[in-house]
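Peer 1: what's the 3D shape of this:
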Amino acid sequence: MARKSPPLRGNPPPPKSLIRRCHRCHPPPPIYIQDKGKWTDVSKMCVDRKIHYTNARSCQQGIKVQVPTATDYRDLTRSLRERNVPFHTYALPEDTPTRVVIKRVPKEIATSDVKADLISQGIPVQAVHRLHRARGHIEYDMVLVVCDPSPGHHPIFKIRSVCSLTGISIEKPYKPHLVGQCHNCQLYGHIARNCFATPRCVKCLGQHGTVDCPRSKDRNLCVER
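Peer 2: Alright, predicted model coming up:
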């Protein structure tokens, strides 16, 4: 007969009703505490601030902590930032902006005009960027639109015209199947926007951002774990 795992020490178990609700929805993304030596203090902090976590284990990237609710996620990440504990995570689904590509928008039309037109149609637009070829900076008749998050089907997929032009096509951006690199700590698997670890420089391996390094870009180094 399989033995049940003992409850996590130093952390009060979350209510059963809370766990049942979380099983019916997607749990928040994990939080990786990169300095394993700070875990004892972090676990005590969770008890003091009544922050629940359902699982915590050691892994290559640090201590992987899984919390049951978005409230616990926000409380824990805010507390880690206040204490300057290095960590990285991923954005909550409800906080992730919606990005779409609108095709057949002539490159002669300014992105500011596209943004103003979408806002006039009731679309909560954050930014509009003209897509272009990497080499030569040749612009395409396509724009990338960043919108505020919206539960369910986003209203931008319902529009039929942009700047009074019909025949447009709205698609989700293509995501390459490559593991991204964080431009803050230089590790792979997450992005700088959700990284609160100590910055690392690829030019001199110093603890500062690469853009702040006075060293020449002729010779870059590898950041090791």
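Peer 1: When you work out contacts or count neighbours from here on, use the C-alpha atoms and nothing else.
Peer 2: OK.
Peer 1: which residues touch H154?
Peer 2: By Cα atoms under 8 Å, 6 or more residues apart in numbering, the contact list for H154 reads T98.
Peer 1: For it, give its distance to R99.
Peer 2: Applying Cα to Cα, to the nearest Å, the value for H154 to R99 is 10 Å.
Peer 1: what about I191, neighbour count?
Peer 2: Here the count is done by other Cα atoms under 10 Å, and I191 has 19 residues near it.
Peer 1: per-residue confidence at C204?
Peer 2: Model confidence at C204, given as pLDDT, is 76.
Peer 1: Then it would be within a strand, right?
Peer 2: No - under DSSP: H, G, I helix; E, B strand; the rest coil, C204 sits outside any strand and is assigned coil.
Peer 1: ok, then the element right after the helix or strand of the chain with the lowest mean pLDDT?
Peer 2: Ranking every helix and strand in the chain by mean pLDDT, DSSP states H and E puts helix 16-23 at the bottom, with a mean of 50. Downstream of helix 16-23, the first helix or strand assigned by DSSP states H and E is strand 31-33.
Peer 1: and that following strand, what does it pack onto?
Peer 2: Using 3 or more Cα pairs under 8 Å, 6 or more residues apart in numbering; DSSP states H and E, the elements in contact with strand 31-33 are strand 62-66, strand 87-88.
Peer 1: burial of A127, as a residue count?
Peer 2: A127, neighbours per other Cα under 10 Å, totals 15.
Peer 1: other SSEs contacting the host helix or strand of it?
Peer 2: If you go by DSSP H and E, A127 is part of strand 125-132. With contacts defined as 3+ Cα pairs under 8 Å, 6+ apart, strand 125-132 has these neighbours: helix 111-120, strand 139-147.
Peer 1: Okay, buried residues for the following helix or strand past the last one please.
Peer 2: In other words, strand 139-147. The helix or strand immediately downstream of strand 139-147 is strand 169-171, counting by DSSP H and E. By 16 or more other Cα atoms under 10 Å, the buried positions in strand 169-171 come out as S169, I170.
Peer 1: who's in contact with strand 169-171?
Peer 2: V100, V101, I102, K103, R104, F157.
Peer 1: where does the nearest residue in space to V100 that is not next to it in sequence land on pLDDT?
Peer 2: Using Cα to Cα, 6 or more residues apart in numbering and skipping the chain neighbours, the partner closest in space to V100 is K172 (4.6 Å). You'll see K172 listed with a pLDDT of 91.
Peer 1: again with G189
Peer 2: For G189, pLDDT reads 75.
Peer 1: Quickly note the distance from the residue nearest to V100 to V47.
Peer 2: 41 Å.
Peer 1: for H88, same thing?
Peer 2: Distance from H88 to V47, by Cα to Cα: 21 Å.
Peer 1: which of those two has more neighbours?
Peer 2: H88 (25 against 14).
Peer 1: now the more buried one, which residues is it bridged with?
Peer 2: Beta-bridge pairing for H88 (DSSP bridges): Y32, C195.
Peer 1: Please tell me I have it right and it contacts C195.
Peer 2: Yes - assessed by Cα atoms under 8 Å, H88 is found in contact with C195 at 4.3 Å.
Peer 1: on that earlier part again, so how far is T71 from the residue nearest to V100?
Peer 2: 29 Å.
Peer 1: Repeat that for P29.
Peer 2: 12 Å.
Peer 1: and those two? which has more neighbours close in?
Peer 2: Counted by other Cα under 10 Å, P29 and T71 do not tie: P29 has more neighbours, with 18 against 12.
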